[in-house]
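Q: what follows is a predicted protein model with its sequence.
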Amino acid sequence: MQQDVRTPGRRASAWRGFDGRSADRIDSQMREGRRPCCPLCRELLEARPVTRMIRHLVLDASGYDLECRTCRRFRSVIKHTARSLRLVRMRRLAAAVRATGSREPALA
Ligand SMILES: [Zn+2]
């Protein structure tokens, strides 16, 4: 019974990332040097100094979130350094090599 009371509140307070199309719009606003606003409600987005994606960051990469409190949506902006970018690329390459390797027939 108590859970029934809690669930709607928790759902209402859950933050979600902007979907791909909205995220693209925010990115292009930033590229144009404008202060990004929410593609859904047009409120100015607020910067949150530490990204929610912090656990997924590699090495010394840093990031912040742009968020709309009205829609409870956020866009993570990740800033890579030369080191972290190199690691991300190496991981991608390693994954690509693994994917290729597994498709090769085993040596008889
Ligand atoms: Zn909004």
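A: Sure, I can see it. No experiment lies behind these values; they were computed from the predicted model shown.
Q: got any ranges where this protein has weak pLDDT?
A: Residue ranges of the chain with pLDDT under 70: 1-12, 102-108.
Q: the ion contacts on that one?
A: Selection of the chain residues close to the ion by CB under 5 Å from the ion yields Cys38, Leu40, Cys41, Cys68, Thr70, Cys71. Where C-beta positions appear, they are placed from N, C-alpha and C, glycine not excepted.
Q: residues in contact with the last one?
A: Remark: with contacts taken as CB atoms under 8 Å, 6 or more residues apart in numbering, Cys71 is in contact with Cys38, Leu40, Cys41, Glu43.
Q: next, the nearest residue to it once chain neighbours are set aside: secondary structure please.
A: Leaving aside its sequence neighbours, Cys71 sits nearest to Leu40 (CB to CB, 6 or more residues apart in numbering; 5.0 Å). Using DSSP: H, G, I helix; E, B strand; the rest coil, the structure places Leu40 in coil.
Q: closest to Val88 out of the contacts of Cys71?
A: Cys38 (28.2 Å; CB to CB).
Q: doesn't Gln29 make contact with the closest one?
A: No: Cys38 sits out of contact with Gln29 when judged by CB atoms under 8 Å, with a separation of 10.2 Å.
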